[in-house]
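K.L.:
dropping the sequence and predicted coords here.
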Amino acid sequence: MVTIHPNLKPWHPSMRSNPQSLSPLPSRISCTASSSESNQSTSAAGKIKRLVLPQQGRTKLNTYPDRDFYEYPRFVTHVDDGFISTLTNLYREKLTPNSEILDLMSSWVSHLPKEVKYNKVVGHGLNAQELAKNPRLDYFFVKDLNQDQKLELESSSFDAVLCTVSVQYLQQPEKVFAEVFRVLRPGGVFIVSFSNRLFYEKAITAWRDGSAYSRIQLVVQYFQSVEGFTKAEIVKKLPDAGGGGAESKSPLGWFMGLLGLLSGSDPFYAVLAYKNFKPVYETK
């Protein structure tokens, strides 16, 4: 079951004890299906071609429901300022002003460029208190995608879908990527970003056991598993292991920097693809 809320501004502390007290989202935003979806049912686009993960690769060390794990809000950033700056610049480059955006697996911050106006930003996550504090969200809904991958949103209703430092927790990524394909408009972009940080007990085995390279390739395969996505593009920005102070120049510092373990040195990875085609915009 999905719980949908409008975003409230400003944040009120009384919501901490009863996050379900928020008003329901207007019905025009939440819709289980549309006529366009049924018309496309005969098309192969958006269908899952193959499963990427074996059953073992989908397992987690912490088998309790994710809603329990995220019951209490965490008003922290899970990556450093360098990662956030790179991500915001990527959004500035790839997201067009006045577009409509779905921020999947979001929290209290979306890292969108502050100076850019978007027509609508809808957030999804597992903690209503975090989402209600996010100033960029016009609406949000709470749903556990590991329990139910169906998005109660109209087909072809968003220009972009974002997933920031959360893809490692998806146990049914193929189904989620297929749903993202459905809600994107033709030419819409899906941007998946991640670093080397994670809640270890909540990440799937295939991610925990992987390297930086294999994790990138895993996300590429998620895109490839759904019919209709364009060829995935990879964006990387690795920490400068040779820069900084004496600590970073030592052999140990160089190795820690390579792993992203020094302050300010989170590696940045993003994989993105478009629905059906990559749009071309004329530059003025």
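P.N.:
Yes, it's here.
K.L.:
and the gap between the nearest residue to Phe268 once chain neighbours are set aside and Leu102?
P.N.:
Once flanking residues are discounted, Phe268 sits nearest to Lys237: 4.1 Å by CB to CB, 6 or more residues apart in numbering. Yep, even glycine has a C-beta here, placed from its N, CA and C like the rest. To Leu102, Lys237 is 24 Å away according to CB to CB, to the nearest Å.
K.L.:
once you drop chain neighbours, what's closest to Ser99?
P.N.:
In space, Ser99 comes closest to Asp159 once its chain neighbours are excluded; the distance is 3.7 Å by CB to CB, 6+ apart.
K.L.:
OK, contacts around that neighbour?
P.N.:
95-96, 99-101, 184-185, 187-189 (CB atoms under 8 Å, 6 or more residues apart in numbering).
K.L.:
kindly recompute the last result at 7 Å.
P.N.:
In this structure, Asp159 makes contact with 96, 99-101, 185, 188, judged by CB atoms under 7 Å, 6 or more residues apart in numbering.
K.L.:
can you check Ala45 too?
P.N.:
Ala45 sits next to 227-228, 276 when contact means CB under 7 Å, 6+ apart.
K.L.:
strands along this protein, start to end?
P.N.:
Along the chain, counting by DSSP state E, strands occupy 3-6, 100-104, 120-125, 139-142, 158-164, 184-194, 233-237, 268-274.
K.L.:
partners of the last one in the sheet?
P.N.:
The reference is to strand 268-274. Strand 268-274 sits in its sheet next to strand 184-194 (antiparallel), strand 233-237 (antiparallel), going by DSSP bridges.
K.L.:
wait, which of the ones you listed is closest to Val219?
P.N.:
With CB to CB as the criterion, Val219 lies closest to strand 184-194 of the strands paired with strand 268-274, at 5.4 Å.
K.L.:
so that closest one versus strand 158-164, what angle?
P.N.:
In terms of direction (axes from the mean of the first three to the mean of the last three CA atoms, to 10 degrees), strand 184-194 departs from strand 158-164 by 10 degrees.
K.L.:
just use 80 as the starting number from now, easier for me
P.N.:
Shifting the count to begin at 80 puts that one at strand 263-273.
K.L.:
what does strand 263-273 rub up against?
P.N.:
With CB under 7 Å, 6+ apart as the criterion, strand 263-273 contacts 166, 169, 173, 235, 237-244, 246-247, 259, 298, 348-356, 358.
K.L.:
okay, and the beta partners of the residue nearest the centre of the chain?
P.N.:
Closest to where the C-alpha atoms of the chain average out (CA atoms, centre = their mean) is Cys242, at 0.9 Å. With DSSP bridges as the criterion, Cys242 is bridged to Leu183, Val271.
K.L.:
OK, contacts around it?
P.N.:
Cys242 makes contacts with 183-184, 271, as judged by CB under 7 Å, 6+ apart.
K.L.:
from Ala349, how far off is it?
P.N.:
10 Å.
K.L.:
got it, and Lys193?
P.N.:
Separation of Lys193 from Ala349 (CB to CB): 20 Å.
K.L.:
if you count surrounding residues, which of these two has more?
P.N.:
Ala349 (22 against 9; other CB atoms under 10 Å).
K.L.:
next one: the more buried one from His190, what distance?
P.N.:
Ala349 is 12 Å from His190, where distance means CB to CB.
K.L.:
pLDDT weak spots in the stretch 230-363 of the chain?
P.N.:
Applying pLDDT under 70 to the stretch 230-363 of the chain flags the ranges 320-343, 361-363.
K.L.:
show me how to select, in PyMOL, the buried members of the contacts of Asp238.
P.N.:
Burial among the contacts of Asp238 is assessed by 16 or more other CB atoms under 10 Å; the matching PyMOL selection reads:
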select buried, resi 178+179+180+264+267
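K.L.:
list only buried entries from the contacts of strand 263-273.
P.N.:
166, 169, 173, 235, 237-244, 246-247, 259, 298, 348-355.
K.L.:
what's the closest of the contacts of Cys242 to Gly204?
P.N.:
Nearest to Gly204 among the contacts of Cys242, counting by CB to CB, is Met184 at 6.1 Å.
K.L.:
wait, the closest one sits on Val244?
P.N.:
No - between Met184 and Val244 there is no contact under CB atoms under 7 Å: 8.5 Å.
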